[in-house]
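*Asks:* got a predicted structure here, sequence first:
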Protein chains: 2
Amino acid sequence: MIRHETLNPPLHIYPINPWKIIETSFYPRFLAQTETLFSLGNGYLGLRGNFEEGSPYFQRGTFINGFHETWPIVYGEDAYGFAKTGQTMLNITDAKGISLYVDDEPFYLPAASLLLYQRTLDMQAGTLDREILWETPSGKRILIESRRLVSFDHRHLAAFSYQVTLLNAEAPVVISSEIIGGQTNQTGQNDPRQAKGFKDQVLLPVLHDCQEQRLFIGHRAKQSGMTLACGIDHQFDTACPYTWHSDCSDDSGKVEYLIDAKPGQPIQLIKYVAYHSSHSAPVKKLHTRCNWTLDRACKEGFKALLNSQRSYLDDFWQRSDVQITGPEQEQSPVGEFQQALRWNLFQILQASGRAEGASIPAKGLTGQTYEGHYFWDTEIYVLPFLIYSAPHIARTLLRFRHSMLDQARQRATELNQQGALFPWRTINGEEASAYYAAGTAQYHINADIMYALRKYVEVTDDKALLFNEGAEMLVETARFWYDLGFYSQRNNGQFCIHGVTGPDEYTTVVNNNAYTNLMARENLRYAAKTITKMQECHPEHFATLVHRTGLDFAEASDWQQAAEKMYIPYDESLGINPQDDNFLDRELWDIKGTPRESFPLLLYHHPLVIYRYQVLKQADVVLAMFLLGQDFSKEQKKRNFDYYDPLTTGDSSLSACIQSIIAAEIGNMEQAAKYARYAVLMDLADVGGNVKDGCHIASMGGTWMVAVYGFAGMRDYAGKLSFDPCLPKQMHQLKFPLCIRGQTLEVCFEQKKAHYLLRDGKELTITHQGQELLLKRGTPVETAIK
Amino acid sequence: MIRHETLNPPLHIYPINPWKIIETSFYPRFLAQTETLFSLGNGYLGLRGNFEEGSPYFQRGTFINGFHETWPIVYGEDAYGFAKTGQTMLNITDAKGISLYVDDEPFYLPAASLLLYQRTLDMQAGTLDREILWETPSGKRILIESRRLVSFDHRHLAAFSYQVTLLNAEAPVVISSEIIGGQTNQTGQNDPRQAKGFKDQVLLPVLHDCQEQRLFIGHRAKQSGMTLACGIDHQFDTACPYTWHSDCSDDSGKVEYLIDAKPGQPIQLIKYVAYHSSHSAPVKKLHTRCNWTLDRACKEGFKALLNSQRSYLDDFWQRSDVQITGPEQEQSPVGEFQQALRWNLFQILQASGRAEGASIPAKGLTGQTYEGHYFWDTEIYVLPFLIYSAPHIARTLLRFRHSMLDQARQRATELNQQGALFPWRTINGEEASAYYAAGTAQYHINADIMYALRKYVEVTDDKALLFNEGAEMLVETARFWYDLGFYSQRNNGQFCIHGVTGPDEYTTVVNNNAYTNLMARENLRYAAKTITKMQECHPEHFATLVHRTGLDFAEASDWQQAAEKMYIPYDESLGINPQDDNFLDRELWDIKGTPRESFPLLLYHHPLVIYRYQVLKQADVVLAMFLLGQDFSKEQKKRNFDYYDPLTTGDSSLSACIQSIIAAEIGNMEQAAKYARYAVLMDLADVGGNVKDGCHIASMGGTWMVAVYGFAGMRDYAGKLSFDPCLPKQMHQLKFPLCIRGQTLEVCFEQKKAHYLLRDGKELTITHQGQELLLKRGTPVETAIK
């Protein structure tokens, strides 16, 4: 069930282009959306797509992954064990500003007469480019060409090129490059998904410095104590005569160039921006690090940065690109799909590429909604893509989770449970969910992380991570499940887990949520299997593990037994898996009869109302059928899908991609294609109407899965690859690479033919529609699709 | 199951006395508790038992029922429909202060050498008296005799007599009578049951006045806009030479008497205190009203106030007193029971007597815990006592509920429901519960109020109230239930109600809570029956009702049908009524194995933990068995009680009384007596350890029910009285009056004999142990107890 699939602005007015997002007119009313669409980032640093000239803007947003303020969560009515520490990723010092004055009049987009306007996000170059031809009221024509990047190679660096050329007259020109602290944070009045505002300034200025054209501002966050430094430096080049001066105070600074501009003589300003942040290091030290970064940038120059950016992206696309061909590539829905999917993958990279020491915020680094928190999104929706295309990033993210294990242990203790419980939402490792029913009760996050660990290990064969970080997390999560559940006499001695919330937040705190029980079973099994294997084959690792966790080997058999006895809800009469013990007892919500403006339901109905009905925010059992497909027969999948699909509102952006994959698997290609389109265009076409607040990174990861697990029908149970492709009618070709245990597999599907090629590596056995194929490096295999 | 039944301070050091609470020593460590124990009130105004001298104190508390500040409730994570307006009964202007200085040294209790100390709450006189003999360091002996009352007759008036006599020397004496605004409000750091604090002063001084010995201070509450006035006046009498002066500023004022005290010459100060408050009237008008009150008080004098107080109480006790006789009345447990029960009834009167335009706060007017809110306590726990002893007060309280009906309609609309939903907790009619799972989800409050309405109407035959306020509430509450529930195909077409919380808050948001379904059924039936009757016999009232509610007569048959089809959970194998659909699926909490310091569970366990278990905060099914005893066989009651009793922590003070009544009914007199003692001593012996925060008024109401419904075995199904008495072993006699349709029935039970006497009225049929008795006025009937 999809409520609406209108393509919202601005996609419908953009030309379809396989590698670029191009805006050919300035649209004031799409300002907020385009700030998100044209945002740049590298996983550490993110810049919203604000104009250099500063205004107009919806939010002048600059974010550092994990750089946050803390605050005590206030409850209407507090209770024992409620999360205590709110965390908000902050909007930090803005250094995007470059203002232009001609004849002492500012260039202000909404008022300017533009002879040419083009803004282009180039996903191969990794730059945001803009070309403007401005005619002043006095008829002077000025060409403004700018380009910016957030460097993937240099994690702490962004760079801007801003070039102004007077075409038909001379004029006094001022270019002012700015750095401004004290940015405001986005707030949500009535939308629980949006961030808290702060009454007072949270970033306290502690240090500033001005050395010629190099300016510096340092801040400390009031409560969290985190420190932040932003430095800018400039290279200025023109044949016109000019002077400059600079100054910097506590919270802002600027370098101003006053030029006697001559026609045809370009004026170029290169601006380098360095950000460094720390949990506690003195701002002075960060100042020094900014200087290093800026020194290197100035030395290398802007062109070198462009080159390294391109080569980073070449490598990325080679490992990641999903190529889709349709009938008339340029303007067809397939072309649109191609463009949107590439943009999605590009955004994932921008959210994760250099996220060392952090995870992936729900909105990446494009907005403050969900407060920059890390959820299960990373592991369930984004990691599969990264595991198969950039396993080093996947590894970093899993290690980051492990770094929070001690806090997860503490949280479990707070909840009177053994083992560890990872926070439902967090930046700093502490639980930050202030509504436990759709927060802490989503214990499934423990199993989700272990699921991703397993997939990572199976695909990469990274035993080091498994035996060190992995095993320790497995032990503590298995302990948690074993303690949380119990053998129920009333359920024939089966192992039941009560009082949990599954992925679908439209029912909460239920007994035996099917998804949770299935995923917990995997968690328990994998933990038992891993430590058994370690004891047998890697006694030295096992000894370390025992030391770290106080493991008693008998625990493994306890877990194994709980897994074997795990209760999975099943309804004989309907032949489906109820979402939980009581799901089928609920009344049916009349989705078709609910007016469109009453969605998302959560904004217009009290939770008590929603919870009483059979109505889903997002795929739940259907998600389990995707993640643990081997546990369901195809018939079972069909029955479950047919039951849940009409009940699913899609009020969560995490749903459509999963529904598409299962629809494809059960042969419902019409639904599969419909959901796929909905998912892939979620942000670029602003389907949800809230792209202004940032990208739905998880949904974007889901669209890679739509292509790979959906249309290509890939499955990777126990690390063994199989394909059962079925392309939507309009699609001629679907092609993508996969990285498996250091080898590169290239697959290409047409409507009736499949091509497999092991590009790097030695050999690989895969299954094509039930038939085993042994692939040797460099030898393409072509086979029919039935 | 009772966790602990230790008698806490200070009861164990008080002498047992049938009509008085007597403290014979000053115990600094019981300061907080005794402020509650010795508090005075009349249902409008309440004074905590602070010493006149002001310090030491735990809270200098003065409260007006319903006088509150509002504030926007802040949620960690907000959602649609969450309650918006916090309400807190305020601690208002303190006028209790009378300071004494001898030789310019203050009389300060903790430091004073006391030759005599006695503080007495006299429940027949309605006064708090204190007698102190103080020896100053220089050997001067000063007798201080004080007495205070909060007048029942004069709703807005309190009065103090403070008399000082130097016994063996002369000395300069200063007596300073004070009035002080800006009192602090009690806050609870980690206890959700306690009130919010306010950062800033919430009562803004707007007017003050000083006319000789009459002082006046007026305030306005910042957000709610409520206005408050407090005026004091004095009568001073002594043969010693003296002068006086007075002053008053914004927030405080005093009258000081400087006396050359002579030995043996009493110095007497009478202080009259008037409070007036309003939702919006200008303070000026309240000033005038204070003057009226003070004029009258000064004219009548203190003695007249004492007389009217006593005669009000004579009348109260004649209608209400429960007399219990035991073997050695003075020091036996029976004597203790008698004293505590009387004090409980006295506290109910102090919380309700003059509560016109308000209801009964959870702690009466003795403390700010639960923020002075009105809950279901009034209707289910306190109204039965009032209905049978002071039906005019019961009527006032029911009419007050009706005054909030429009807001209840609005709340239902907010929750997408038809009809009306009364707030779970409120002062001003708006829902103030900031935790819906143990708040709004307790829809049963609708049925509780209708239950009380029915009992009131059956006992008083007050058709006017039924046809006016009552019928309108019945229609709207029945509509609510009919809309909330649904006919469940999976439950054989029975009428189910999902997503509710019953009285026991240790499981929340469940399906088919037995209590709720049973009570809703009563609500639906009574509504259908009432409007059917009205249409047939009172067409003019019916027409008005239709006009007020838009009633379609077909609704009655809908309600009737829903009631007949109401699903009541029943477990065949155990032969019990499960508390809800999933109750028996839960794990059993090991109550015996839980250390004593881990109770109440809610303060040491996350709700998610508690909710997973079979563990009760308070009687739930057992409460239903009391309220709707006719729906259960005795066998059924026994099985249910035996199942739930060991699972009930009694973490709520509302539980023990109900458990006692049902234990008595099923013949388990040992448990009945144990719970009865626990309940009756709840506050006077500080069994819960929190009497410092105020009295548990509901539990106090419950102890009257223990005597009447428990030991006397009274039942009043459909207004027909029956008795099946069984006294605890040590009790010789139990005697109490009942007011039934304007008649007075006096019952008296001994171990083997029952006496019935219709004191006023004409005739009355009752049932004694299954045998009908026709009572004629003035003719006692004596019969054996089997």
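*Replies:* Structure's in. What do you need?

*Asks:* stretch A:622-634: which residues count as buried?
*Replies:* For stretch A:622-634, the neighbour count (16 or more other CB atoms under 10 Å in any protein chain shown) marks A:622-629, A:632 as buried. Every C-beta, even on glycine, is put in place using the N, C-alpha and C of the backbone.

*Asks:* what is the nearest of the residues you listed to B:Phe641?
*Replies:* When the buried residues of stretch A:622-634 are compared for distance to B:Phe641 (CB to CB), A:Ala624 comes out closest, at 42.1 Å.

*Asks:* now the element after the helix or strand harbouring the closest one, going C-ward?
*Replies:* Counting by DSSP states H and E, the element that carries A:Ala624 is helix A:621-627. On the C-terminal side of helix A:621-627, the closest following helix or strand by DSSP H and E is helix A:634-644.

*Asks:* can that following helix be said to contact chain B?
*Replies:* No - in terms of CB under 8 Å from any CB of the partner chain, no part of helix A:634-644 sits within range of chain B; the closest distance is 14.2 Å.

*Asks:* past that helix, which element shows up next along the chain?
*Replies:* Helix A:634-644 is succeeded, C-terminally, by helix A:656-665 (DSSP H and E).

*Asks:* and that following helix, what other elements does it pack with?
*Replies:* In terms of contacts (3 or more CB pairs under 8 Å, 6 or more residues apart in numbering or on different chains; DSSP states H and E), helix A:656-665 is packed against helix A:621-627, helix A:634-644, helix A:669-680, helix A:697-705.

*Asks:* of those, which stretch is the most buried?
*Replies:* With neighbours defined by mean count of other CB atoms under 10 Å in any protein chain shown, none of the helices and strands packed on helix A:656-665 is more surrounded on average than helix A:697-705, at a mean of 28.

*Asks:* give me the angle between it and helix A:669-680.
*Replies:* For helix A:697-705 against helix A:669-680, the angle between stretch directions is 140 degrees (axes from the mean of the first three to the mean of the last three CA atoms, to 10 degrees).

*Asks:* now do helix A:697-705: distance to the chain's middle.
*Replies:* Distance of helix A:697-705 from the chain centroid (CA atoms, centre = their mean, to the nearest Å) equals 8 Å.

*Asks:* returning to that earlier point: dump the helices and strands packed on helix A:656-665 into CSV; add mean pLDDT as well.
*Replies:* Conversion of these to CSV gives the following (pLDDT from 0 to 100):
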stretch, mean pLDDT
helix A:621-627, 98
helix A:634-644, 97
helix A:669-680, 95
helix A:697-705, 97
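
*Asks:* now render those helices as CSV, adding distance to A:Arg48.
*Replies:* Listed next are these as CSV, based on distance: least, CB to CB, whole Å:
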stretch, distance to A:Arg48
helix A:621-627, 31
helix A:634-644, 37
helix A:669-680, 22
helix A:697-705, 15
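
*Asks:* what average pLDDT does the longest helix seen in chain A get?
*Replies:* Criterion DSSP state H: the longest helix present in chain A is helix A:514-537. Helix A:514-537 shows a mean pLDDT of 97 in the predicted model.

*Asks:* please apply the same query to stretch A:256-263.
*Replies:* The average pLDDT for stretch A:256-263 rounds to 98.

*Asks:* with stretch A:773-784 instead?
*Replies:* Taken as a whole, stretch A:773-784 carries a mean pLDDT of 97.

*Asks:* neighbouring contacts of that stretch?
*Replies:* Outside stretch A:773-784, the residues within contact range by CB atoms under 8 Å, 6 or more residues apart in numbering or on different chains are A:743, A:745, A:752-768, A:771.

*Asks:* how long is it end to end?
*Replies:* Start to finish, the residues bounding stretch A:773-784 are 12 Å apart (CA to CA, to the nearest Å).

*Asks:* so, low pLDDT: which residues of the stretch 1-150 of chain A?
*Replies:* Within the stretch 1-150 of chain A, the set of residues satisfying pLDDT under 70 comprises A:1-12.

*Asks:* for chain B, what's its nearest residue on it.
*Replies:* For the stretch 1-150 of chain A, the nearest residue to chain B under the criterion CB to the nearest CB is A:Gly76, separated by 2.4 Å.

*Asks:* burial of that residue, as a residue count?
*Replies:* Counted by other CB atoms under 10 Å in any protein chain shown, the residues lying close to A:Gly76 total 22.

*Asks:* on the three-state scheme, it is what?
*Replies:* The assignment at A:Gly76 comes out as coil when based on DSSP: H, G, I helix; E, B strand; the rest coil.

*Asks:* residues contacting A:Ala32?
*Replies:* Under the criterion of CB under 8 Å, 6+ apart, the contact list for A:Ala32 reads A:58-59, A:692.

*Asks:* and the next element down the chain from the helix or strand hosting it?
*Replies:* If you go by DSSP H and E, A:Ala32 is part of helix A:31-37. Tracing the chain C-terminally past helix A:31-37 and defining elements by DSSP H and E, one meets strand A:40-41 next.

*Asks:* which helices and strands sit right next to that next one?
*Replies:* For strand A:40-41, the packing partners by 3+ CB pairs under 8 Å, 6+ apart come out as strand A:45-47, strand A:141-150, helix A:333-352.

*Asks:* off-centre distance for the last one?
*Replies:* In other words, helix A:333-352. Its chain's C-alpha centre lies 12 Å from the corresponding centre of helix A:333-352 when counted by CA atoms, centre = their mean.

*Asks:* could you do the second one as well?
*Replies:* Put simply, strand A:141-150 sits 28 Å off its chain's centre (CA atoms, centre = their mean).

*Asks:* parallel or antiparallel, which strands does it pair with?
*Replies:* strand A:127-135 (antiparallel), strand A:157-166 (antiparallel) (DSSP bridges).

*Asks:* tilt between that strand and helix A:333-352?
*Replies:* Going by the same axes, to 10 degrees, strand A:141-150 makes 60 degrees with helix A:333-352.

*Asks:* what does the stretch 351-500 of chain A put close to chain B?
*Replies:* By the criterion of CB under 8 Å from any CB, the positions of the stretch 351-500 of chain A lying close to chain B are A:414-417, A:433-437, A:439-441, A:486, A:488, A:490-491, A:496, A:498-499.

*Asks:* rewinding a little: output the helix holding A:Ala624 as PDB, nothing but the C-alphas.
*Replies:* Taking only C-alpha atoms (Å, rounded to 0.1, in the frame of the first residue of the first chain), the coordinates of helix A:621-627 have been written out as PDB:
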ATOM      1  CA  VAL A 621       7.200  -9.500   9.300                       C
ATOM      2  CA  VAL A 622       8.000  -8.600   5.700                       C
ATOM      3  CA  LEU A 623      11.400  -7.300   6.700                       C
ATOM      4  CA  ALA A 624      12.100 -10.500   8.600                       C
ATOM      5  CA  MET A 625      11.200 -12.400   5.400                       C
ATOM      6  CA  PHE A 626      13.800 -10.400   3.600                       C
ATOM      7  CA  LEU A 627      16.600 -10.700   6.200                       C
END
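
*Asks:* that helix - contacts with which helices or strands?
*Replies:* With contacts defined as 3+ CB pairs under 8 Å, 6+ apart, the packing partners of helix A:621-627 are helix A:514-537, helix A:634-644, helix A:656-665.

*Asks:* let me know which of those helices is tucked in deepest.
*Replies:* Burial among the helices and strands packed on helix A:621-627, expressed as mean neighbours by mean count of other CB under 10 Å, is greatest for helix A:656-665, which shows a mean of 28.
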